[in-house]
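Student: Turn this into a model:
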Amino acid sequence: MDREIILETRNIKKTFLIAKGKEIPVLEDINLKIYSNEFVSILGQSGAGKSTLLRIIAGLIEPSEGEVLYKGIPLKKTNAKIAVVFQSFALFPWFTVFENVKIGLSQSELSEEEKDEKVLKVIDLVGLDGFEDAYPRELSGGMRQRVGIARALAVEPELLLMDEPFSALDVLTADNLRGDIIDLWKAGKLPVKAIVLVTHNIEEAVSMSSRAIILSHNPGRLKAEIPLELPYPRDKNSRDFKFLLDKIYTALIKSPEELPFLLAAERYQFLPHAKVGAIAGLIELVHDRGGRIDIYALSSELSMEVDDIFPLIEAAVILGFGEIKEGDFILTDKGKMWAEADTLKKKEIFKEAALRNVQLIRQIMQVISNISKHRVSEEFFIDILKNHFTHEEAWNQLETAIDWGRYSELFVYDYDAGELYLEEPETIDM
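Tutor: Model prediction:
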């Protein structure tokens, strides 16, 4: 028997306008289906467009191309049967818990008595019974998020969308709330047919969902779909659980073959936001462990989330210091050499790697070397980068390149003047 398709996206593309009327793609060619009775997690690195995709699915923003179908009908605006829970609690501080939840029913045609009955029902469902008259300032972070969830459930949606709803909570509170939601979901007590969760926490995805959708980044594209078919409750220490964690880690981190150092003119190399000191710390830690380490184990040991550790690993791969294989991060010979070198030799090795593998650093060196005064304003490079990235991301890219270039003594950066320059002009072999 065919499963009911609750929602479908067809060829979704989303672009945002940047400098000089140029558009930058955030999402491209997104085709996915959300079925009845499934809990889907959407994962991806920063810049993958996870939250943008969720807002398109919710009808909050329109795609630049393609369409969203809700139960086969094009979704042109928000739909009462699709509810969203955001990362921020978004509660009205002057309203009580009861009043905040009831706002979700403000457009309903139900009588006031029927609305009150529904509100009390969902307040009890999410474990807030007894706090109906409390104000948000009286509640903990976890309880405030429960109010947000109750407000979403009050309209009895068929599709519940959650945008990193646990990320603002402490570890124990978040784990408790996740467990309660799964218990309600598996017991059939939630008035929803499907749930979509945007998260950067891989363990969270494997703990809760039945399918993981992996997005690439810059721009976001569907990269992989991984079934998570484990019985509930899920044992985080089990072999099967750890296998799925490794599988998602491997899917999220691009292989060296997927990380071209020189991209076509219309695609500019994306530099992960990683400082040299952090990259060095990663390389040295892995070297001390024999040159190879399970990425999930490393993440747990360092208490780092996906968005924290992936840039370091990707930077190491770009520089040629490491590679990814079967969910493990493995040092290359160059990476081992860098870990073992003294301070001056480290700079030489990094300098060679940056010139060989980093498009922006090569470009900076070519420009500075060929200008008579060997000094160039940072705005010159920002103007180039804004043809490929948003204004904010253009600065992030340049800041990363400056950090790498200064460390390797390729060039100097004058913060006050906003200029990059050669301290001792020399011919760079590129």
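
Student: low-scoring pLDDT stretches of this protein, where are they?
Tutor: The chain contains residues with pLDDT under 70 at 1-2, 19-21, 89, 254-267, 306-307, 425-430.

Student: Beta-bridge partners for the closest residue in space to Arg375 that isn't next to it in sequence, please?
Tutor: Leaving aside its chain neighbours, Arg375 sits nearest to Tyr421 (4.0 Å; criterion: CB to CB, 6 or more residues apart in numbering). Yep, even glycine has a C-beta here, placed from its N, CA and C like the rest. Note on Tyr421: beta-bridge partners by DSSP bridges are Arg375, Val412.

Student: for Gly44, same thing?
Tutor: Bridge pairing for Gly44 - DSSP bridges - gives Leu215.

Student: just checking, the residue nearest to Arg375 touches His374?
Tutor: Yes - if you go by CB atoms under 8 Å, Tyr421 and His374 touch, sitting 5.6 Å apart.

Student: Quick check: neighbours shared by these two?
Tutor: Ile368 (CB atoms under 8 Å, 6 or more residues apart in numbering).

Student: all strands for the stretch 151-300 of the chain, in order.
Tutor: 159-163, 194-198, 211-215, 222-227, 292-294 (DSSP state E, counting those that start in this stretch).

Student: which stretch among those strands comes nearest Leu91?
Tutor: Checking those against Leu91 by CB to CB gives strand 159-163 as the closest, at 15.7 Å.

Student: Give me the distance from that closest one to the chain's centre.
Tutor: 16 Å (CA atoms, centre = their mean, to the nearest Å).

Student: And for stretch 56-73?
Tutor: Worked out by CA atoms, centre = their mean, stretch 56-73 lies 21 Å from the chain centre.

Student: Ala417 versus the residue lying farthest from the centre of the chain, what's the distance?
Tutor: Distance from the centre of the chain peaks at Ser372, with 42.7 Å (CA atoms, centre = their mean). Ser372 is 17 Å from Ala417, where distance means CB to CB, to the nearest Å.

Student: Same question for Phe329.
Tutor: Distance from Phe329 to Ala417, by CB to CB: 39 Å.

Student: cool, and Ala354?
Tutor: 23 Å.

Student: One more: Lys336?
Tutor: From Lys336 over to Ala417 (counting by CB to CB), the distance is 39 Å.

Student: ok, these two, which is more surrounded?
Tutor: More crowded of Lys336 and Ala417, by other CB atoms under 10 Å: Lys336, with 16 against 11.

Student: Thought His287 was touching the more buried one, still the case?
Tutor: Yes - using CB under 8 Å, Lys336 makes contact with His287 at a distance of 6.2 Å.

Student: Where do the helices of the stretch 251-400 of the chain begin and end?
Tutor: 276-288, 295-302, 306-318, 333-340, 343-357, 359-370, 378-385, 391-407 (DSSP state H, counting those that start in this stretch).

Student: Show residues contacting the first one.
Tutor: Applying CB under 8 Å, 6+ apart, the set of residues contacting helix 276-288 from outside is 292-293, 298, 309, 312-313, 315-316, 319, 321-322, 329, 331, 335-336, 338-340, 346, 350, 403-404, 407.

Student: and with 7 Å instead?
Tutor: 293, 312, 315-316, 321, 329, 331, 335-336, 338-339, 403-404, 407 (CB atoms under 7 Å, 6 or more residues apart in numbering).

Student: can you list the domains in this protein?
Tutor: 5-252, 276-421 (automatic domain parsing).

Student: how about those, which one is nearest Phe270?
Tutor: domain 5-252 (4.4 Å).

Student: Helix, strand, or coil at the spatially closest residue to Glu138 that is not a sequence neighbour?
Tutor: Residue nearest to Glu138 in three dimensions, not counting chain neighbours: Phe131, with 7.9 Å by CB to CB, 6+ apart. At Phe131 the chain is in coil, as set by DSSP: H, G, I helix; E, B strand; the rest coil.

Student: Quick check: Phe98 touching Val119?
Tutor: Yes - here Phe98 reaches Val119: they are 6.0 Å apart, a contact under CB atoms under 7 Å.

Student: Between the two, which is the more surrounded one?
Tutor: Val119 (23 against 18).

Student: packing partners for the helix or strand harbouring the more buried one?
Tutor: Using DSSP states H and E, Val119 sits within helix 112-125. For helix 112-125, the packing partners by 3 or more CB pairs under 7 Å, 6 or more residues apart in numbering; DSSP states H and E come out as helix 97-102, helix 141-154.

Student: tilt between that helix and helix 141-154?
Tutor: Per axes from the mean of the first three to the mean of the last three CA atoms, to 10 degrees, the angle that helix 112-125 makes with helix 141-154 is 140 degrees.

Student: What residues sit buried inside helix 112-125?
Tutor: Lys115, Lys118, Val119, Val122, Ile123, Leu125 (16 or more other CB atoms under 10 Å).
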